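Student: Got a predicted model here, sequence first, then my questions.
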Amino acid sequence: MALLEILEYPDPRLRKKAVTVEHVDKAIRRIVDDMLDTMYQAPGVGLAATQVNIHKRIIVIDVSDEKNSPLCLINPEILDFEGNAETEEGCLSVPGIFEMVERPEKIRVKAMDKHGESFEMAADGLLATCIQHEIDHLNGKVFVDYLSNFKQQRIRKKLGKQHKQAAKQKQLKTASAR
Ligand code: NI
């Protein structure tokens, strides 16, 4: 099991566009497994490779209550969408922030699984929201981008404070460990 470091907004690396996975091999499966470990440990319902500074089109999701239904989508593509739904979203890269975002309610998506097999699936509700949120990450987009400038500014300020506090705590820890 390997836990990967999750980049936090507004880290510029979250803006990189991920590239298509050409071959699903052992190295890709290893990334998928590490991403799942990282997502479950966080804990979160979804994680895009971009968030762990791996710029390949891979996302993992588990929206089940029991956390026993891992889903892996490699090179995910939305084929069709329908309706509109406003859902409260959060993100492991934007800790502690939850805001309403409007997106299509139902989607049809095409992807490859961790064995390189193509599949198509329909999704609605939380799963549809989550898939769209994670695909956005692969395109360098964060859910905060959908909010007003005022809200974006407020979020950057709040996270800036959190980062400073975390850095201070780390400093204290190292000092007392000496
Ligand atoms: Ni996210």
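Tutor: Thanks, I have it. Everything quoted here is computed from the prediction, not taken from an experiment. Numbers count the residues shown, from 1 in each chain.

Student: Burial check on the spatially closest residue to residue 37 that is not a sequence neighbour, number of neighbours?
Tutor: Of all residues not flanking residue 37 in the chain, residue 1 sits nearest, at 4.8 Å (CB to CB, 6 or more residues apart in numbering). All C-beta spots, glycine's among them, are computed from the backbone N, C-alpha and C. Around residue 1 there are 9 other residues, counting by other CB atoms under 10 Å.

Student: where along the protein do the helices fall?
Tutor: Secondary structure of the chain by DSSP state H: the helices cover 26-41, 125-138, 149-177.

Student: model confidence over the first one, on average?
Tutor: Over the span of helix 26-41, the pLDDT mean works out to 98.

Student: mind listing what residue 42 touches?
Tutor: Contact analysis of residue 42 by CB atoms under 8 Å, 6 or more residues apart in numbering lists 6, 92.

Student: Assess the claim that the residue nearest to residue 37 and residue 36 are in contact.
Tutor: No - applying CB atoms under 8 Å, one finds residue 1 not in contact with residue 36, separated by 9.5 Å.

Student: Identify the contacts common to those two.
Tutor: Residues within reach of residue 1 and of residue 36 at once, by CB under 8 Å, 6+ apart: there are none.

Student: So which of the helices of the chain is the most surrounded?
Tutor: The highest mean neighbour count among the helices of the chain, using mean count of other CB atoms under 10 Å, belongs to helix 125-138: a mean of 21.

Student: Can you give the contact residues for it?
Tutor: 14, 17-18, 45-51, 57, 59, 61, 63, 73, 76, 78, 85, 87, 89, 91, 93, 101, 103-107, 109, 123, 142-143, 145.
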